[in-house]
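Participant: I'll drop the sequence and a predicted model, then ask my questions.
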Amino acid sequence: MSSRLFRPLAVASLTAALALAGCASAASAPADQAAGASTVTVDDNHGSIEVPVAPERVVALDNTTFQTLSDWGVTLVAAPKPLMYDLWPSLSGGDDVLDVGLHREPDIEAVVASEPDLIVGGYRFREIYDQLRQIQPAIIETSPRDGEDHAAELKRQTAILGQVFDKEDEAAQLSSDLDAAISDAREAYDPSQTVMGLITSGGKIAYAAPGEGRGVGTLFPTLGLTPALERSAEDASHGDDISVEAIAAANPEWLFVLDRDAMFGEDGYVSAKELVENAEALKNVPAVQKDQIVYLDASFYLDEGIQAYTKLYRSAAEAFAS
């Protein structure tokens, strides 16, 4: 990402701050203490890297890790507070946790000032990896990678975090819970019934392509769902333009719907439920007539971690079974 994302004078400030931080670290950490520090080597999205175990000063930017870090009692020295809302109060804390801001204009100086032992980067912040690595070489990116099996990627991420934060048993349990939820949903699903994924935002309904569309798209390859409409994604994150008439023509038996705006409470907000169930063109669609619609949790768009997907697959299992 180019330096235009930095705040005014941030480039010069960063250079100076890095120098000061380096001097301070060298002065405050005796050589024997550094040598005796406990470390672990993990394979993240960039390869093999040695990082401290159970680091004390953690900056976490990847929202797909927030629920796990919160559940494990990890405290942060800096975080993207606007991305957290009130979902993870133990992470966002008070004034003692510095605010990195949103990924569109991150406050790099806040990361420098927090003097982290470890940075959990990636996902929305992946484009500033190189800048973050200059601040602290001990940086991991573990968010699910494109083109890989999504459930396996969630478990890989959780296993890496378990190694780093000395929570391997807890990580194994999270992966086991995900596997169980997926297994139950697969068993309950009737492949003769077609499914469509939708994403709503700004008062509009968009199409989530099987395997590609954000959140709900992952259901298709993971559970072996039969798509009501097969079309490649043009905008996997926001969803693709589709008319309600086209949705009706596809005649889905099931709808899975991600509401991107549910947490924000902006003026003029129209919920996914209103958009879908009040659309005249969708009145005769089997999914609407039979009330076979699964709405993802309002927090899903800001979470997207292993717990959020486990809950989604459990909801799918319960819906299919009923």
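Facilitator: That came through, no problem. Residues are numbered from 1 along each chain as shown.

Participant: contacts and neighbour counts: CA atoms only from here.
Facilitator: OK.

Participant: how about the strands in the stretch 1-150 of the chain?
Facilitator: 39-44, 47-52, 58-60, 76-79, 98-99, 118-121, 139-141 (DSSP state E, counting those that start in this stretch).

Participant: Point out where the stretch 51-200 of the chain drops to low pLDDT.
Facilitator: Applying pLDDT under 70 to the stretch 51-200 of the chain picks out no residues at all.

Participant: Let's see that with 90 instead.
Facilitator: 93-95, 104, 146-147 (pLDDT under 90).

Participant: how about the helices in it?
Facilitator: 66-71, 89-92, 108-114, 129-135, 150-164, 168-188 (DSSP state H, counting those that start in this stretch).

Participant: Pop the domain breakdown of this protein in here.
Facilitator: 3-166, 190-321 (automatic domain parsing).

Participant: and I293, how far is that from R57?
Facilitator: For I293, the distance to R57 (CA to CA, to the nearest Å) stands at 43 Å.

Participant: actually V111, not the one I typed
Facilitator: 11 Å.

Participant: And for P286?
Facilitator: From P286 to R57 the distance is 52 Å (CA to CA).

Participant: still on that earlier bit, quick one: which of V111 and R57 has more around it?
Facilitator: Taking other CA atoms under 10 Å, V111 and R57 do not tie; V111 has more neighbours (24 against 17).

Participant: just checking, that one touches V59?
Facilitator: Yes: look at V111 against V59 with CA atoms under 8 Å: they come within range, at 7.2 Å.

Participant: shared neighbours, those two?
Facilitator: A78 (CA atoms under 8 Å, 6 or more residues apart in numbering).

Participant: Could you give the separation between the terminal residues of stretch 68-77?
Facilitator: First-to-last residue span, stretch 68-77, CA to CA: 17 Å.

Participant: and what of stretch 54-73?
Facilitator: End to end - CA to CA - stretch 54-73 spans 11 Å.

Participant: Turn the strands of the stretch 1-150 of the chain into TSV, including mean neighbour count and distance to D303.
Facilitator: Output for these, formatted as TSV (neighbours: other CA atoms under 10 Å; distance: least, CA to CA, whole Å):
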stretch	mean neighbour count	distance to D303
strand 39-44	15	20
strand 47-52	15	25
strand 58-60	26	13
strand 76-79	26	14
strand 98-99	22	18
strand 118-121	25	15
strand 139-141	26	16
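
Participant: I'd like these laid out as CSV, including distance to E253.
Facilitator: Conversion of those to CSV gives the following (distance: least, CA to CA, whole Å):
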stretch, distance to E253
strand 39-44, 39
strand 47-52, 43
strand 58-60, 40
strand 76-79, 41
strand 98-99, 44
strand 118-121, 39
strand 139-141, 38
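
Participant: which parts of stretch 166-183 are buried?
Facilitator: Within stretch 166-183, the residues scored as buried using 16 or more other CA atoms under 10 Å are 166-168, 170-171, 174-175, 177-179, 181-183.

Participant: cool, stretch 270-283 as well?
Facilitator: In stretch 270-283, counting by 16+ other CA under 10 Å, buried: 270-272, 275-277, 281-282.

Participant: With pLDDT, distance to L76 and secondary structure as extra columns, can I get those residues in a markdown table?
Facilitator: Listed next are the buried residues of stretch 270-283 as a markdown table, based on pLDDT from 0 to 100; distance: CA to CA, whole Å; DSSP: H, G, I helix; E, B strand; the rest coil:
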| residue | pLDDT | distance to L76 | secondary structure |
| --- | --- | --- | --- |
| V270 | 95 | 34 | coil |
| S271 | 96 | 33 | coil |
| A272 | 97 | 34 | helix |
| L275 | 97 | 38 | helix |
| V276 | 98 | 39 | helix |
| E277 | 97 | 42 | helix |
| A281 | 97 | 48 | helix |
| L282 | 98 | 46 | helix |
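
Participant: for these, which one is nearest A236?
Facilitator: Each of those was scored against A236 by CA to CA, and A272 proved nearest at 18.0 Å.
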